[in-house]
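Colleague: My questions are about this predicted structure, shown below with the sequence.
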Amino acid sequence: MTEVLFLADLTVIKPDPGLIFWTTIVFILAWALLGRFAFRPIQEALKRREDDIQSSLDEAKRAREEMANLKAENEELLRQAQEERAKILKEAKEAKEAILSEAREKAQADARNIVNNAKEDIENQRLAAITDLKNQVGILAIEVAEKVLRKQLDDKSGQEQFVKELVDDIKMN
Amino acid sequence: MKVEFKKVTLLIALLALGFSFGIAQHDSPADRMEEEGHDEDAKELTTGDHAGHDEHNTELEHGESEEYDPVATVMHHISDANEFHVWKGVHIPLPVMLYAPEHGWTFGLSSMFHHGHTAVDGYVLNHGRINRVQDPSFPKGEVEVGHIEHHVEATPDGDSTDVYYVTHEGNEYKLDPPSTLDGGMMGGGITSFYDFSITKNVFTMILALIVLVLIFRAVAKGYRKNEGKAPSGIQSFFEPIFIFMRDEVTIPMIGEKHYERFQPFIMTLFFFIFFCNLMGLIPFFPGSANVTGNIAVTFTLAVFTFIVVNINGKRDYWEHIFWMPGIPAWVKIILTPVEILGLFIKPFSLMIRLFANITAGHIIILSLIGLIFVFGQNGASPGGASLGAVIGGAFALFMNFIELLVAALQAFVFAILSASYIGAAVEEHHHDEEAPHVAH
């Protein structure tokens, strides 16, 4: 076996100017071509897309917040409306009761008035009737007196009898 | 912090697993082929394939290295090459561009060397790599050459080094390997020529570039087509990776304010390294090149990071390097040289980390496959070869999965560290933060 000097044979550790030259050219080409046609457009596209996604997410978040706000607002409105309704209902009930009681009071008052009036009328009529009766009794008394007077003139016993009868009649009345 | 780390780790694991399915399909036939094939082929491979391999280069070496040399084989497989070895005798030729200061440019296809049998303008293909005869007396044009001889020679420093000679008309000519920029530190150095060819590594890098461009064009198209819609198809596969890299790497490391400017760079680093790593794990054409395990590649990538970091360094960054605020002057005198060193150590560590991780992985897998030949005792023991195939195959399969993780992890680490260096460069310190910052 040939004795070989390890390091001397390791040609890869000896920089070859030709290889340096070509590596330079190839790398510059790679840098220029890939940078110009691939890496820069890719990185811009990625950035654009990420900004897009971010702004979409932000927008979604904002929309969600708006929705939440809207919902809260709606609930507030609903609550207010319900309160209003309850208030109106309560007022209406109160008004109804007020009207009812007023009407009832009025009816009672009316009834009372009517009764009072009726009582007054009755009283009046009773008074009138009594007056009338008094007048009638007066007239009757006068008539009786007249007749008695007339009978007295005819017969004394008869007159007495008659008076007696008349008195009985009056008593019966 | 701990939770963050856990998350990151988990995601890396998932990422690696996600890709392992795609690659496992490519990988398994080869593994099976190797495992099954080697049982019968072990003998043939060691004597036939390996020798056949060498026969293109030299019969002399063939003669002297009849035995299987695991180190040489592994080193040969992780090295760059000027042609794509597909299988026994089948090579895909690659374009050749060579420059020698004294000769000028030479262009062609690697097939013109006839795997080492023909020299063109003094260039010879030696073990898949082009070498050059410096001697001016060597004939120009296409010349038939003989064997390539391998000698181990002593260097002036007392080390030994491999030297290759090509024979032509009875004469031996010394071969120069291509120039390298290590200044002799790693046994290389400037030689008589430079190799600017489309080598196996360059080919794989270009392929990775094409695949990346095609894939990411489709992904980018998905974003245009599905604007405002959910992602679909290939787009939805790469989107999580892209988003992971953005949310775990670029934004936290560089900061919300500056990350968009640097993201294409970090992404290119990540995906380029990742795809090169994955291509390196495919054991056959068009993969198998050790791209990111070559220091020239990782060096270049680290230099890119270094340049991007320091071009974008703000006043605060330079102030923290040259005159760290909030500490006594005598500490500053110590700290400033350390910080200046750190300026270079950071990209240097990036370079070494990626290179060492990928090369080590390739060496381990190749060594495990090499067990077949070691246990087979160079073809003498088919039973041993079978044992080696079973053991080596099982371990290689396991290592391949580890390497899938490493492929993703090292690309990720390179990217995240580059991002953190950039982040430190563009960061603007607030004065109320300085005190705790220094306290660290």
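Modeller: Good, I have the coordinates. The model shown is predicted, which means the values in this text are computed figures rather than measured ones. Numbering: from 1, shown residues only, chains lettered A, B, ... in the order given.

Colleague: C-alpha from now on. contacts and neighbour counts both.
Modeller: OK.

Colleague: give me the number of residues near residue A:59?
Modeller: Number of residues near residue A:59 (other Cα atoms under 10 Å in any protein chain shown) recorded here: 12.

Colleague: Output the contacting helices and strands for the helix or strand hosting it.
Modeller: Under the assignment given by DSSP states H and E, the secondary-structure element containing residue A:59 is helix A:40-154. Taking 3 or more Cα pairs under 8 Å, 6 or more residues apart in numbering or on different chains; DSSP states H and E as contact, the helices and strands that helix A:40-154 lies on are helix A:156-172, helix B:200-225.

Colleague: report the angle between the axes of it and helix A:156-172?
Modeller: Between the axis of helix A:40-154 and that of helix A:156-172 there is an angle of 170 degrees, by axes from the mean of the first three to the mean of the last three Cα atoms, to 10 degrees.

Colleague: which is the next helix or strand following the lowest-mean-pLDDT helix or strand in chain A?
Modeller: For chain A, counting by mean pLDDT, DSSP states H and E, helix A:6-9 ranks last in confidence among helices and strands (a mean of 51). Sequence-wise, the next helix or strand beyond helix A:6-9 is helix A:17-34, with elements assigned using DSSP H and E.

Colleague: list the buried ones in that following helix?
Modeller: Buried residues in helix A:17-34, counted by 16 or more other Cα atoms under 10 Å in any protein chain shown: A:17-20, A:22-24, A:26-27, A:30-34.

Colleague: Output the longest helix belonging to chain B.
Modeller: helix B:329-375 (DSSP state H).

Colleague: and it, how far from the chain's centre?
Modeller: Using Cα atoms, centre = their mean, to the nearest Å, the distance from the centre of helix B:329-375 to the centre of the chain it belongs to is 13 Å.

Colleague: Ok, stretch A:158-172 next?
Modeller: The chain centroid and the centroid of stretch A:158-172 are separated by 85 Å under Cα atoms, centre = their mean.

Colleague: Convert it to CSV, retaining C-alpha atoms only.
Modeller: What follows is stretch A:158-172, C-alpha atoms only, in CSV (Å, rounded to 0.1, in the frame of the first residue of the first chain):
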residue,chain,number,x,y,z
GLY,A,158,-182.7,63.0,64.4
GLN,A,159,-180.1,65.6,64.6
GLU,A,160,-178.5,63.9,67.4
GLN,A,161,-178.7,60.5,65.7
PHE,A,162,-177.2,61.9,62.6
VAL,A,163,-174.4,63.6,64.3
LYS,A,164,-173.8,60.4,66.0
GLU,A,165,-173.7,58.5,62.8
LEU,A,166,-171.4,61.1,61.2
VAL,A,167,-169.2,60.9,64.1
ASP,A,168,-169.1,57.2,63.7
ASP,A,169,-168.3,57.5,60.1
ILE,A,170,-165.5,59.9,60.8
LYS,A,171,-164.2,57.5,63.4
MET,A,172,-164.3,54.7,60.8
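
Colleague: and residue B:136, that's in a helix?
Modeller: No: secondary structure assignment (DSSP: H, G, I helix; E, B strand; the rest coil) places residue B:136 in coil, not in a helix.

Colleague: burial of it, as a residue count?
Modeller: By the criterion of other Cα under 10 Å, residue B:136 has 10 neighbours.

Colleague: Alpha carbons of stretch B:191-198, as CSV, please.
Modeller: In CSV, the C-alpha atoms belonging to stretch B:191-198 read as follows (Å, rounded to 0.1, in the frame of the first residue of the first chain):
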residue,chain,number,x,y,z
THR,B,191,1.7,26.6,-9.8
SER,B,192,2.2,27.1,-13.5
PHE,B,193,-1.5,27.2,-14.3
TYR,B,194,-5.0,28.1,-13.1
ASP,B,195,-8.0,25.9,-13.6
PHE,B,196,-11.2,27.9,-14.4
SER,B,197,-13.0,24.9,-15.7
ILE,B,198,-16.6,24.0,-15.1
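
Colleague: What residues of it count as buried?
Modeller: B:192-198.

Colleague: same question, stretch B:99-115
Modeller: Of all the residues in stretch B:99-115, those buried under the rule 16+ other Cα under 10 Å are B:99-100, B:109-113, B:115.

Colleague: In those residues, find the pair that's most separated.
Modeller: In the buried residues of stretch B:99-115, two members sit farther apart than any others by Cα to Cα. They are B:100 and B:115, at 20.9 Å.

Colleague: I'd like the buried residues of stretch B:191-198 laid out as JSON lines, including pLDDT and secondary structure.
Modeller: As requested, the buried residues of stretch B:191-198 are exported to JSON lines (pLDDT from 0 to 100; DSSP: H, G, I helix; E, B strand; the rest coil):
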{"residue": "B:192", "pLDDT": "87", "secondary structure": "coil"}
{"residue": "B:193", "pLDDT": "90", "secondary structure": "coil"}
{"residue": "B:194", "pLDDT": "92", "secondary structure": "strand"}
{"residue": "B:195", "pLDDT": "91", "secondary structure": "strand"}
{"residue": "B:196", "pLDDT": "93", "secondary structure": "coil"}
{"residue": "B:197", "pLDDT": "92", "secondary structure": "coil"}
{"residue": "B:198", "pLDDT": "92", "secondary structure": "coil"}
